[in-house]
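[1] I would like the atomic coordinates for the input below:
(chains A, B, C and D)
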Protein chains: 4
Amino acid sequence: MNELTILISCPDQVGLVTNITRVLATHQLNIIAMREFVDEANKAFFTRIACTGDFNETAKLKEKLLENLPNGAEVNLIAQKEKQIAVLVTKEYHCLAEILIKNHFKTLGASVQCVIGNYEVLRDFTEKLGVPYFYVDHNGRDKAEFEQELKAIITNFDVDYLVLAKFMRILSADFVQDYAGKIINIHHSFLPAFIGANPYRQAFERGVKIIGATAHFVTDNLDEGPIITQHTSHVDHNFGVKEMVRSGKEVEKKVLLEALELVFEDRVFVSGNKTVVFK
Amino acid sequence: MNELTILISCPDQVGLVTNITRVLATHQLNIIAMREFVDEANKAFFTRIACTGDFNETAKLKEKLLENLPNGAEVNLIAQKEKQIAVLVTKEYHCLAEILIKNHFKTLGASVQCVIGNYEVLRDFTEKLGVPYFYVDHNGRDKAEFEQELKAIITNFDVDYLVLAKFMRILSADFVQDYAGKIINIHHSFLPAFIGANPYRQAFERGVKIIGATAHFVTDNLDEGPIITQHTSHVDHNFGVKEMVRSGKEVEKKVLLEALELVFEDRVFVSGNKTVVFK
Amino acid sequence: MNELTILISCPDQVGLVTNITRVLATHQLNIIAMREFVDEANKAFFTRIACTGDFNETAKLKEKLLENLPNGAEVNLIAQKEKQIAVLVTKEYHCLAEILIKNHFKTLGASVQCVIGNYEVLRDFTEKLGVPYFYVDHNGRDKAEFEQELKAIITNFDVDYLVLAKFMRILSADFVQDYAGKIINIHHSFLPAFIGANPYRQAFERGVKIIGATAHFVTDNLDEGPIITQHTSHVDHNFGVKEMVRSGKEVEKKVLLEALELVFEDRVFVSGNKTVVFK
Amino acid sequence: MNELTILISCPDQVGLVTNITRVLATHQLNIIAMREFVDEANKAFFTRIACTGDFNETAKLKEKLLENLPNGAEVNLIAQKEKQIAVLVTKEYHCLAEILIKNHFKTLGASVQCVIGNYEVLRDFTEKLGVPYFYVDHNGRDKAEFEQELKAIITNFDVDYLVLAKFMRILSADFVQDYAGKIINIHHSFLPAFIGANPYRQAFERGVKIIGATAHFVTDNLDEGPIITQHTSHVDHNFGVKEMVRSGKEVEKKVLLEALELVFEDRVFVSGNKTVVFK
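    Numbers count the residues shown, from 1 in each chain, chains lettered A, B, ... in the order given. Okay, the predicted model is just below:
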């Protein structure tokens, strides 16, 4: 007896839950947790089912589910297997450190295969914690060449997700396309406020009383991808830009790590430009 | 086509979701939202299902569900009908006002039948907002007599829940028994801290940095009933007892109103001394 | 012995605190609380001092303080006197009700002189709670005429602040100028996100995971005035626009009432397009 | 020109702020930030003043301040100097890691001199990050002997504070006395709830909807010392003990690190069994 997570998305219609649970019953599977959601605007149905049973015949199970679902259904059967990730960084350590610490103590829910940075400053720290570090220089090179080198490194590893842990280079549409739905970024503002560069400077100039951060999937529209998690924290007139950055880093790492946990546990669906998150 | 909420609790066993959804399919009901939970410690299963369909035969549906569930199952079929409540108060207005305002503007999700107070101070305000007010004096009377009079008033109304909105008398085990699972109280601390009298004084003396409030079902163990919702808010050394009380009132009304909304939408199960809350 | 609040803002220079406290000592005043802030970017100094003493000679005290402060200093001596306000509304009740309830029970820290609405829907409720209601129709009239009528009503009262409690008309630069620094608005988003119309619809379309509200002073740049308070609350994929609006109303009233409390206690300075808030 | 932080506590009386600021003016010191608080219950006055100036004569300044303050005053002049700390641990890594990461990247506001553990499990990690690790076995030894060895290690370093980062041994009154006001502990509940062992188990049994953590100075009354910071986070029926522990660890590290930042910046006074925290 082992555990299986079943993810299904399809056009909505009457009787989906009944159809799905009947197929599972036929395969002697026991549902231990089930969540579903209907996106009324897009007439789309999403479900996440955790079940136990004998899974010799997952191919047949998937086939049976698809037979009982409308055209356009996507069925994903996920056995308990740790995700593998690559982390991209620039100079700031706070998100990377949170990831590497949990990786070191085996509480990340994923295994960090490598860290890639466009500076050398985080090499020493990364290697201390036993993870290979690759430096890819962006100076004096065009984006295509830079990204070619990134891909060459990533390809050496079997990677489920790329995590941009304060990686300050904008990736091309082509690169993003190659890893569609697999790149997670932390943006240092509560989007859609302060899109673009220097959000804490913008926040300071505007005199806001909250700052925040947003973890999202990366699409080719910068800062416009589906949002996974967001948090804010309070600031006041005593906060200059420096203090906002410092306080913001605590929010950033919290937001990113929450998003990663949800993604690694297969709790996040992308639906158009939004996410459905079964917490 | 109208909407029905189905609440089921029963001993846990394999195949419950499948059994239930099959019965619903047989009755041509369409599931629009479904939540379930297994309390592993108590081997108990809970589900809340919102569905649409033709409900001429709810008696038969209930029978069919019970046939397909283990012994000891409770099945509750709830048509869309506004709850009716009585509110018990003493002298503080903040929770009562929040309830009466939402009642006045029809956003409470329930209808306030009457307010009963052991002082007269809130009569004027209650009556301004069109709700009958009953005064029951507790002075110089024993608890049995006092509670007899409460009951005599409540009996005149068709009431689903009694809401203790800062009602400062302790109810007897007998009274609580008569309204088992139907009395909701707001306690002015984050239980189990500061059980008993004067929690803000206790909080001040202890020098805590947070205060809080707890909404719970009332059982015959004072302050020990199943907790529905809790929140805290920050305080600092500038807060004397008075400031804590003032700030605490904001938390109290928030916590109580959240609990009421959940209860009125049939999202709360009691499981032993805990609640299962399907938000 | 009574209490006085002293507000001072002036260009920053060395020795201000010393100069100020020496003058207070000369007048036999006892400082019971003192807060100060230097806005480094604008080289501006702000202080709020609560003190007790004999205040027969406030004119002389003010003069003495000004003598000991740099050119351009503003000194404000505020005796304990309740603020008076007018509230402007459209159709939504939630912020108005919170204000009128606290006004009724004398816990607002201000006294509501009148409510002015561009619809009649909130008249009945306002009058029940003993406050005069004035209806000013905006249909088929130009803004100048509409605002002329608003002013005609406001002028009848001695009003310290105008509170826009979900007042959905945009005020002209002229009107705003006439009440400079005296108009407080609640905006239904965490500014600067979702400026303009229908922020909850915008939030829904964007798929954000937080919504929020902002209380700010009104300037002639719409939604751009100095921010006093902001809060956010979490939403998820289950929230449609309607649920966001409902949840947002709870944040709006919390944010507005916090801002009002701070303003009514003379804890808020405006510094350029920002506020300094001595909590 | 350099910076000095002045901490003063003394019995409250009229004119203290004036007296203090006059002395500072005489010494040509410029006040850049000043906070004060009067504990009315204990008639005690506290102030924290950050100022700039020429500090050749701190001894004379201290003397002058004491002359102008009531008997029993404590004056503390603190030059900008990084604090030095020792960290005590048992087996859990989450608080230690947060401290060592910030120590490694020089953003802790203190310098970790050593880590002492009553198990060996955290040695490897500690040493990777360049900090000496000392193992002190508690098995089969009485507390006096165990603590003697702790002290022998600590004495080798010049240490301002001992941080108990999930150190699961109870220290004797003697040990605590030797480091009075210098030991900071993280307790895994929102005190005073769930005092003692296994707070998450207690929280689970009680069915609470929030969990929390408390950072406090250690006194010889277990879990009763002056509280510095507290936070809570929400849980629901889906949280077993394991999930509460996991979620609680995030709160614990946030609470402890916030407390340490405040202490390292000399923002925390102890007043009886409470703290005054000038944020």
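
[2] look up how far chain D lies from A:Leu100.
    9 Å (Cβ to the nearest Cβ, to the nearest Å). C-betas here are computed from N, CA, C, even on glycine.

[3] how about that residue, what does it touch?
    A:112, A:115, A:125-126, A:129, A:131 (Cβ atoms under 8 Å, 6 or more residues apart in numbering or on different chains).

[4] just these now: which is nearest C:Ile8?
    C:Ile8 lies nearest to A:Phe125 out of the contacts of A:Leu100, by Cβ to Cβ, at 48.3 Å.

[5] ok, back up a step: which two of the contacts of A:Leu100 have the greatest separation?
    Maximum distance among these (Cβ to Cβ): 12.8 Å, for A:Val112 and A:Phe125.

[6] ok, the residue of the stretch 101-250 of chain A found nearest chain C - contacts?
    Nearest to chain C in the stretch 101-250 of chain A, going by Cβ to the nearest Cβ, is A:Gly207, at a distance of 3.1 Å. Shown in contact with A:Gly207 (Cβ under 8 Å, 6+ apart): A:237, C:226-227, C:273-275.

[7] which of these sit farthest apart?
    Farthest apart among the contacts of A:Gly207 - using Cβ to Cβ - are A:His237 and C:Asn273, which lie 12.2 Å from each other.

[8] so which residues of the stretch 151-279 of chain A form helices?
    A:173-178, A:199-206, A:241-264 (DSSP state H, counting those that start in this stretch).

[9] lowest mean pLDDT across the ones you listed, which one is that?
    In terms of mean pLDDT, the lowest-scoring of those is helix A:199-206 (a mean of 92).

[10] so which elements touch that helix?
    helix A:241-264 (3 or more Cβ pairs under 8 Å, 6 or more residues apart in numbering or on different chains; DSSP states H and E).

[11] what sits against the closest residue to A:Ile170 other than its chain neighbours?
    Among residues not flanking A:Ile170 along the chain, A:Leu222 sits closest, at 6.2 Å (Cβ to Cβ, 6 or more residues apart in numbering or on different chains). A:Leu222 makes contact with A:170, A:195-196, according to Cβ under 8 Å, 6+ apart.

[12] same thing but at 10 Å, please
    A:170-171, A:176, A:185, A:187, A:195-196 (Cβ atoms under 10 Å, 6 or more residues apart in numbering or on different chains).

[13] next, format these as CSV and append distance to A:Leu257.
    What follows is the contacts of A:Leu222, written out as CSV (distance: Cβ to Cβ, whole Å):
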residue, distance to A:Leu257
A:Ile170, 23
A:Leu171, 22
A:Val176, 23
A:Asn185, 14
A:His187, 15
A:Ile195, 23
A:Gly196, 24
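
[14] what about A:Val276, how many residues nearby?
    24 (other Cβ atoms under 10 Å in any protein chain shown).

[15] interface residues of the stretch 151-279 of chain A facing chain D?
    Taking Cβ under 10 Å from any Cβ of the partner chain, the part of the stretch 151-279 of chain A that reaches chain D is made up of A:236, A:238, A:246, A:249-250, A:254, A:257-258, A:261, A:279.

[16] distance check, A:Ile78 against D:Tyr135.
    Per Cβ to Cβ, to the nearest Å, A:Ile78 is found 42 Å from D:Tyr135.

[17] and for A:Ile49, the neighbour number?
    Count around A:Ile49 with other Cβ under 10 Å applied: 21.

[18] that one pairs with what?
    A:Ile6, A:Met34 (DSSP bridges).

[19] wait, isn't it in contact with A:Leu61?
    No: assessed by Cβ atoms under 10 Å, A:Ile49 is found out of contact with A:Leu61, at 11.5 Å.

[20] between A:Val112 and A:Phe125, which contacts overlap?
    A:96, A:100, A:131.

[21] which bits of chain A sit near chain B?
    Contact residues, chain A versus chain B (Cβ under 10 Å from any Cβ): A:12-26, A:28-38, A:40, A:47, A:49, A:51-53, A:234, A:279.

[22] what is the nearest of the contacts of A:Leu100 to C:Thr5?
    Within the contacts of A:Leu100, distances to C:Thr5 taken as Cβ to Cβ reach their minimum at A:Phe125, with 51.1 Å.

[23] three-state assignment of the closest one?
    Under DSSP: H, G, I helix; E, B strand; the rest coil, the three-state class of A:Phe125 is helix.

[24] next, count neighbours for it.
    The burial count for A:Phe125: 20, using other Cβ under 10 Å.

[25] just to check, it is in contact with A:Tyr133?
    Yes: counting by Cβ under 10 Å, A:Phe125 does reach A:Tyr133; the two are 8.7 Å apart.

[26] who touches both of the two?
    Overlap of the contact sets of A:Phe125 and A:Tyr133 (by Cβ under 10 Å, 6+ apart) consists of A:Val115.

[27] domain parsing of chain A, as residue ranges.
    A:2-79, A:83-277 (automatic domain parsing).

[28] ok, which of those domains comes nearest C:Glu149?
    Comparing these by Cβ to Cβ, domain A:83-277 comes nearest, at 33.2 Å.

[29] and the gap between the nearest residue to A:Ala144 once chain neighbours are set aside and C:Ile116?
    Once flanking residues are discounted, A:Ala144 sits nearest to A:Ser172: 7.2 Å by Cβ to Cβ, 6+ apart. Per Cβ to Cβ, A:Ser172 is found 55 Å from C:Ile116.

[30] try A:Gln177
    56 Å.

[31] just A:Thr155 next, same as before
    67 Å.

[32] which of those two has more neighbours?
    C:Ile116 (20 against 9).

[33] my guess is the more buried one meets C:His138, correct?
    No: between C:Ile116 and C:His138 there is no contact under Cβ under 10 Å: 11.3 Å.

[34] need the residues touching each of the two.
    Contacts common to C:Ile116 and C:His138, judged by Cβ under 10 Å, 6+ apart, are C:149-150.

[35] A:Asn265: how many residues sit nearby?
    To be clear, residue A:265 is Glu; Asn isn't right here. 17.

[36] quick check on it: phi, psi?
    phi -90, psi 10 (degrees, to the nearest 10).

[37] just for chain A, where's the confidence low?
    Along chain A, segments meeting pLDDT under 70 span A:1.

[38] redo that, cut-off 50
    Within chain A, no range satisfies pLDDT under 50.

[39] ok, and the closest non-adjacent residue to A:Arg201?
    Nearest to A:Arg201 is A:Val241, by Cβ to Cβ, 6+ apart, at 5.5 Å.

[40] who's in contact with A:Ala189?
    Slight slip there: residue A:189 is Ser, not Ala. A:Ser189 neighbours (Cβ under 10 Å, 6+ apart): A:195-196, A:198-200, A:202-203, A:208, A:211-214, A:223, A:230, A:232, A:248, A:251-252, C:192-193.

[41] now with 8 Å?
    Taking Cβ under 8 Å, 6+ apart, we find A:Ser189 in contact with A:195, A:199-200, A:202-203, A:211-214.

[42] again, but for A:Cys10
    A:16, A:44-45, A:69-70, A:72-74.

[43] that one: helix or strand, and which one exactly?
    strand A:2-11 (DSSP states H and E).

[44] tell me the helix or strand right after that strand.
    With DSSP H and E, the next secondary element past strand A:2-11 is helix A:16-26.

[45] now the angle between strand A:2-11 and that following helix, please.
    Helix A:16-26 and strand A:2-11 are oriented at 150 degrees to each other (axes from the mean of the first three to the mean of the last three Cα atoms, to 10 degrees).

[46] packing partners of helix A:16-26?
    strand A:2-11, strand A:30-39, strand A:44-53, helix A:58-67, helix B:16-26, strand B:30-39.
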